[in-house]
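Undergrad: show me the folded form of this:
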Amino acid sequence: MRAWAAGLLCLALTRIASAGTPGGFENWQDVPAAERCTRTFANLGQAPRRMHLPSAVVRFVDLGPAEPDAGPPWVLIHGYAGNLCSYGPMLAELAQRHRVLAFDLPGFGESASFDEHYTVDSYGQTLREFLDRVESGPVHLVCHSLGGHVCIAAALNQPRYIETMTLIDTAGILETAGFLKQIAKQKSGVNLGQMTIKRGRSLIDWTEGDQAFWRRFVASDPAIWTAVSSFRANFRSQLGALRTPTLILWGMDDPLFPVADAAFLKENVPQSELHILEGAGHCPDESHAQVVTTLIEKFVRNQKPSPP
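TA: Residues are numbered from 1 along each chain as shown. Down below sits the predicted model:
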């Protein structure tokens with residue numbers, strides 16, 4: 001790790017050993033995915049709704065205060081292989097004080113696009129359509145992993161929709177070759193070793209049409225295709241153009257995205273603040289929801305101009 005990154009992490013380290021969890025959401029990371037939505041909707045006391053958008057039909061929730069003085073709504077965007085229920089603990093915590101919305105990205109949970117074409121661009125389109133439909137005005141975006149990738153794209157292309165942005169162990173700045181090799185090994189048991197990943201627009205391009213390889217790669221988990229397609233876009237060279245106040249939260253023990261990525265974001269994103277969460281992995285929004293919520297609320301408060 002570069003010297004500047006090491007120094008930055010020392011300053012940013014946030015201890016969270018005593019973090020709590022909202023009632024009904026204890027040990028959330030250990031709850032099977034199939035049970036999460038049942039528990040989430042039961043604890044929130046609200047059934048999900050469906051919204052028909054031009055690009056997709058999405059499952060969503062709209063929680064909490066609707067008073068004019070409640071401030072901008074909060075919109076939570078989940079990560080790869082998750083859904084809105086991944087945010088169960090944070091939804092419960094934030095909805096006590098804010099209007100909070102969350103929806104399943106198409107291809108995950110119970111949302112689907114009409115053409116089943118899932119990329120960062122298509123997710124960004126669905127996000128814009130969703131915000132237009134709920135007539136929320138600028139929102140506080142909270143984005144995890146793949147969701148962070150989508151949010152960075154939105155902040156670059158449609159900043160008028162966003163008041164602040166929180167990136168939690170986010171994608172969007174990974175080198176394509178490194179990501180492909182990593183996910184192939186972790187998800188498919190395929191070790192690409194020193195294989196050169198060719199330039200191209202798809203997995204087939206990258207592997208020069210090796211049918212046997214990509215069939216094995218995708219067959220282990222069909223959702224991998226969505227991930228690989230989504231992660232084609234890379235915003236490393238565009239981060240300096242962001243003008244949205246940005247909070248960066250990262251698990252110190254994230255096995256998927258290294259902490260060095262958080263330091264890279266902090267170094268390159270203007271108006272950003274970084275906290276490295278000691279004791280957290282890839283999903284601190286699940287394992288340490290109250291601490292994450294506290295950090296985000298403090299960051300949002302600090303963006304308000306001081307009274308004259």
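
Undergrad: number of nearby residues for the residue lying closest to residue 287 once chain neighbours are set aside?
TA: In space, and not counting its chain neighbours, residue 287 is closest to residue 29: 5.3 Å by CB to CB, 6 or more residues apart in numbering. Where C-beta positions appear, they are placed from N, C-alpha and C, glycine not excepted. Residues contacting residue 29 under the criterion other CB atoms under 10 Å number 11.

Undergrad: any regions of the stretch 101-250 of the chain where pLDDT drops low?
TA: Where the stretch 101-250 of the chain drops to pLDDT under 70, the residues are 175-233.

Undergrad: quick one, strands of it?
TA: 112-113, 139-144, 162-168, 246-251 (DSSP state E, counting those that start in this stretch).

Undergrad: re the thing from before, who touches the residue nearest to residue 287 in this structure?
TA: 283, 286-287 (CB atoms under 8 Å, 6 or more residues apart in numbering).

Undergrad: among those, who's most crowded?
TA: That'd be residue 286 among these, by other CB under 10 Å, with 27 neighbours.

Undergrad: test my guess that that residue contacts residue 93.
TA: No. Taking contacts as CB atoms under 8 Å, residue 286 lies outside contact range of residue 93: 12.0 Å.

Undergrad: re earlier: nearest to residue 168, of the contacts of residue 29?
TA: The closest of the contacts of residue 29 to residue 168 turns out to be residue 283 (CB to CB; 8.1 Å).

Undergrad: now do the closest one against residue 271, distance only.
TA: 25 Å (CB to CB, to the nearest Å).

Undergrad: with residue 108 instead?
TA: For residue 108, the distance to residue 271 - CB to CB - is 30 Å.

Undergrad: which of the two has more neighbours?
TA: Using other CB under 10 Å, the more surrounded residue of residue 108 and residue 271 is residue 108, with 22 against 13.

Undergrad: my guess is that one contacts residue 86, does it?
TA: No. If you go by CB under 8 Å, residue 108 and residue 86 don't touch, sitting 9.4 Å apart.

Undergrad: nearest to residue 51, of the contacts of residue 29?
TA: residue 286 (24.6 Å).

Undergrad: got a list of contacts for the strand or helix carrying that closest one?
TA: Here residue 286, judged by DSSP states H and E, is contained in helix 284-287. Identification of contacts with helix 284-287 by CB under 8 Å, 6+ apart yields 16, 19, 28-29, 86-90, 142, 144, 168-169, 249-251, 277, 280-281, 291-292.

Undergrad: kindly recompute the last result at 7 Å.
TA: 28-29, 86-87, 89-90, 144, 168, 249, 251, 277, 280-281, 292 (CB atoms under 7 Å, 6 or more residues apart in numbering).

Undergrad: are any of those buried, and which?
TA: 28, 86-87, 89-90, 144, 168, 249, 251, 277, 280-281, 292 (16 or more other CB atoms under 10 Å).
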